[in-house]
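**Q** sequence below, structure please.
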Amino acid sequence: MRTYFGLPQTVFILGAVSFLNDAASDAVYPLLPLFFAATFASGPQLLGLIEGAANATAALMQLVSGRLYDKTGRAKPWMIAGYTLPALSRPLIALTSLWPLVLALRVLDRIGKGLRSAPRDALLAASVAPEKRGYAFGVHRSADHAGAVVGPLVAAALIAAGWSIREVLITTLVPGVLCVLLTLWVKEEGHISTAANAPAIDWRWRTLPIPFRQFLLATGLFAIAHVSNMFMLLRAKDAGVTDAQMPLLWAAFSAGAMLLSPKLSSLGDRFSHWRWVAVGRVSYVAVALLFAILPATPLNIVFLFALYAIVIAASEGVEKAVVASLVSKAQLGTAFGWFHLVRGLAIFPGTAAFGLIWGATSPMVAFAVSAAVATVSVLMLLRR
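**A** Below you'll find the model as predicted:
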């Protein structure tokens, strides 16, 4: 508890912002596959196209916003814009019946993510000592997952009370607006960048530090392999999980990740951030193989989502701690921009390919291919 309350105020404010944003986002997230299927009679191919394009668009904004953070020392303007766009675009999805409009709104949502993520992560990394970064990012991710618990539970309660999916989507405007208002309270004093007086990471790939490039390449390949949560939820639907149970499943997954993130991320501080990321990615390979092998039953789905929560809790915060450890403080924004850019661009072909493999063969084959590619990314990581 001393370690927890010893964290700077910035970590808690950013955590509260992420809590509200994810409460809105994850009220929608487990319902989107159902909304797509009911509104557009779409399969995994269209879902993969929309989600891949949305995330690729976000990635293109990451490097720009991260670089601007390094130059200006300001994260707040990008965070305000980055949380405003999804606050407006999420409820608007409920008002459309054309998939190109849904694609446009999802892209706007992800542009918001692109504007805010790198500056926010850089601000958080700059606010704590290097030996506490894994824990700080774990606490932040825990708050993020807490929102992912509350949002689906509220969504499940509203659906059980007779609300339609469209009506639930509209209600996300409330936490979205609160999130933007709370962002106005973020203070940046003491975190102004010194990039003007220090050599900054160049835009060109070849000028990046070699260890950082190695990590980015391994991360990019892993992002191609990593299965979108949307497909795991779609697999749950195939297994017989009902519309009302879907938000509960997602809430339970998020609760597990919320409770485990600080502790598992702090293990990276104790041992090695780099090696702990490798452990998390090996664990993902095991989970993907189990998705491919185990029969699609509700009990197996619950078991697999529980394992996946452990993988996420052990990986997310420590990945960002690795990024911060490979560059100077003056280069944090640009480094996180590259991290999100590479990962986001890789998600598009990976998600689209996964959907195509699923549709052309079976979900078992798609998960097996994901595990195989992820294994190669782990070998790249271990070559360091």
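
**Q** where exactly do the strands run in the stretch 251-384 of the chain?
**A** Using DSSP state E, counting those that start in this stretch, no strands are found in the stretch 251-384 of the chain.

**Q** the closest residue to residue 159 other than its chain neighbours: neighbour count?
**A** The spatial neighbour of residue 159 that comes closest, neighbours along the chain excluded (C-beta to C-beta, 6 or more residues apart in numbering), is residue 244 at 5.3 Å. The C-beta positions use only the backbone N, C-alpha and C, and glycine is treated the same way. For residue 244, the neighbour count with other C-beta atoms under 10 Å is 12.

**Q** give the contact list for residue 244.
**A** Contacts for residue 244 (C-beta atoms under 8 Å, 6 or more residues apart in numbering) come out as 156, 159, 160.

**Q** can you check residue 318 too?
**A** Listed by C-beta under 8 Å, 6+ apart, the contact set of residue 318 reads 134, 137, 138, 265, 268, 273, 276, 277, 280.

**Q** skipping adjacent residues, who's closest to the fourth one in space?
**A** This points to residue 265. Residue 265 sits nearest to residue 138 (C-beta to C-beta, 6+ apart), 2.7 Å away.

**Q** repeat that for the last one.
**A** Of all residues beyond its chain neighbours, the one nearest residue 280 is residue 315 (3.3 Å), with distances taken as C-beta to C-beta, 6+ apart.

**Q** in JSON lines, list the contacts of residue 244 along with distance to residue 362 and neighbour count.
**A** Formatted as JSON lines, these follow (distance: C-beta to C-beta, whole Å; neighbours: other C-beta atoms under 10 Å):
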{"residue": "156", "distance to residue 362": "29", "neighbour count": "23"}
{"residue": "159", "distance to residue 362": "30", "neighbour count": "21"}
{"residue": "160", "distance to residue 362": "32", "neighbour count": "12"}
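
**Q** which residues in the stretch 51-200 of the chain form helices?
**A** Assigned by DSSP state H, counting those that start in this stretch, the stretch 51-200 of the chain shows helices spanning 76-92, 99-126, 133-160, 165-171, 173-183.

**Q** tell me which of those helices sits nearest to residue 286.
**A** helix 133-160 (21.1 Å; C-beta to C-beta).

**Q** got the angle for the closest one vs helix 173-183?
**A** 150 degrees (axes from the mean of the first three to the mean of the last three C-alpha atoms, to 10 degrees).

**Q** helix 133-160 vs helix 99-126, what angle?
**A** Counting by the same axes, to 10 degrees, helix 133-160 lies at 150 degrees to helix 99-126.

**Q** residues of helix 133-160 that come out buried?
**A** Using 16 or more other C-beta atoms under 10 Å as the test for burial, helix 133-160 gives 133-156, 158-159.

**Q** show me where pLDDT drops low in this protein?
**A** The model of the chain has pLDDT under 70 over residues 1-5, 29-30, 33-52, 55-56, 189-204, 384.

**Q** work out which residue lies at the spatial centre of it.
**A** residue 316 (8.2 Å; C-alpha atoms, centre = their mean).

**Q** touching, that residue and residue 139? I think so.
**A** No - if you go by C-beta atoms under 8 Å, residue 316 and residue 139 don't touch, sitting 11.6 Å apart.

**Q** shared neighbours, these two?
**A** With C-beta under 8 Å, 6+ apart as the test, residue 316 and residue 139 both reach 261, 265.

**Q** then stretch 238-254 to CSV, C-alphas only?
**A** Extracted in CSV, the C-alpha atoms of stretch 238-254 (Å, rounded to 0.1, in the frame of the first residue of the first chain):
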residue,chain,number,x,y,z
ASP,A,238,-20.4,-19.6,-31.3
ALA,A,239,-20.0,-21.6,-28.1
GLY,A,240,-23.5,-20.6,-26.9
VAL,A,241,-22.9,-17.5,-24.8
THR,A,242,-26.0,-15.4,-24.9
ASP,A,243,-26.4,-11.7,-25.7
ALA,A,244,-27.0,-11.0,-22.0
GLN,A,245,-24.1,-13.1,-20.9
MET,A,246,-21.6,-11.6,-23.3
PRO,A,247,-21.1,-8.3,-21.3
LEU,A,248,-20.8,-10.4,-18.1
LEU,A,249,-18.1,-12.5,-19.7
TRP,A,250,-16.2,-9.4,-20.8
ALA,A,251,-16.6,-7.9,-17.3
ALA,A,252,-15.2,-11.0,-15.6
PHE,A,253,-12.2,-11.0,-17.9
SER,A,254,-11.6,-7.3,-17.2
